[in-house]
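Q: sequence unavailable; structure follows:
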């Protein structure tokens, strides 16, 4: 059975909730949860992935033709990644993202 968090939720549910609203829910869970490594890891990863996707979406969106093509790719890719990360957290797995996971682990 998964461990409990300071919110009274199981860690897999709290880990999933960190991805619910991107960096907003990640910040909230990071501030609220002080002890559970699993939840804090997913909260940091949610923040970093959200920042990368939002930055890429806006920066590429400024380029006339490339912006349109990139938004056609980034929006569905972000949705699929969001679902995968939420499901992995719910299953109790530590999702490994290139560079982002290592950076999140170093921050903890």
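A: Thanks, I have the structure now. Just so it is clear, the model here is predicted, and its values are computed rather than measured.

Q: burial of residue 103, as a residue count?
A: Using other Cβ atoms under 10 Å, residue 103 has 12 other residues around it. In short, each C-beta sits where N, CA and C put it, glycine included.

Q: how near is it to residue 97?
A: 9 Å (Cβ to Cβ, to the nearest Å).

Q: now do the buried residues in stretch 100-108.
A: Going by neighbour count (16 or more other Cβ atoms under 10 Å), the buried part of stretch 100-108 is 100-101, 104.

Q: Serialize the residues you listed to JSON lines and add fields for secondary structure.
A: Formatted as JSON lines, the buried residues of stretch 100-108 follow (DSSP: H, G, I helix; E, B strand; the rest coil):
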{"residue": "100", "secondary structure": "helix"}
{"residue": "101", "secondary structure": "helix"}
{"residue": "104", "secondary structure": "helix"}
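
Q: nearest the geometric middle of the chain, what residue?
A: residue 46 (2.0 Å; Cα atoms, centre = their mean).

Q: can you give me the pLDDT of the nearest residue to it once chain neighbours are set aside?
A: Nearest non-adjacent residue to residue 46, counting by Cβ to Cβ, 6 or more residues apart in numbering: residue 26, 3.5 Å away. We have a pLDDT of 92 for residue 26.

Q: which helix or which strand is home to residue 26?
A: helix 23-32 (DSSP states H and E).

Q: tell me what the next helix or strand after that helix is packed against?
A: Following helix 23-32 in sequence order, the next helix or strand is helix 37-61 (DSSP H and E). Counting contacts by 3 or more Cβ pairs under 8 Å, 6 or more residues apart in numbering; DSSP states H and E, helix 37-61 is packed against helix 11-17, helix 23-32, helix 64-90, helix 100-107.

Q: what's the mean pLDDT across helix 37-61?
A: On average, helix 37-61 scores 90.

Q: how about that helix: buried residues?
A: For helix 37-61, by 16+ other Cβ under 10 Å, it's 38-50, 53, 60.

Q: biggest separation within those residues, which pair?
A: The span of these, defined through Cβ to Cβ, is set by 38 and 60 at 32.7 Å.
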